[in-house]
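Colleague: coordinates for the following, if possible.
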Amino acid sequence: MSMRPKAGAHLWDAAEAAKNIRTVAEGKARNDLDNDLIIRSAIERLIELLGEALNRLRRDDPETAARVPGFDKVIGMRNILAHEYGDIDYEIVWSAVTNRVPELIVVLDELVAEAMPSIGE
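Modeller: As a prediction, this is how the structure comes out:
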């Protein structure tokens, strides 16, 4: 089944947010998330953008969203950060940033290339 028209844009937005998370976290340690308001704020905002892009993808093209590993967890983390449900567990946030985001970037880039092949040319 082919992707729906808006899927490429949502995937691109998600990939850009994930790459920006990687850039902000690069060279940083776990305690930087606790001790540096700018780093913490940037990562939180970028996770919100990533989750929102995946949420829109899920709404517009659920079949493609299902191909993104852990998309539901990203959306859930976005909701917690955006709506401040309870306490934010920064161990989980940092683990996601350092372990899940790099894997996610690979998948998102592949899906972007599939959805919008002219971008890679």
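
Colleague: buried residues, the host helix or strand of V101. List them.
Modeller: Using DSSP states H and E, V101 falls within helix 101-115. For helix 101-115, burial by neighbour count (16 or more other C-beta atoms under 10 Å) applies to V101, L104, I105, V107, L108, D109, L111, V112, A115. Quick note: C-beta positions are derived from backbone N, CA and C, even for glycine.

Colleague: any idea which residue is closest to the centre of this protein?
Modeller: Closest residue to the average C-alpha location of the chain: L50 at 3.4 Å, with C-alpha atoms, centre = their mean.

Colleague: isn't that residue up against I75?
Modeller: No - look at L50 against I75 with C-beta atoms under 8 Å: they stay out of range, at 9.0 Å.

Colleague: follow-up on the earlier one: show me what the helix holding V101 is packed up against.
Modeller: If you count contacts as 3 or more C-beta pairs under 8 Å, 6 or more residues apart in numbering; DSSP states H and E, helix 101-115 packs onto helix 7-25.
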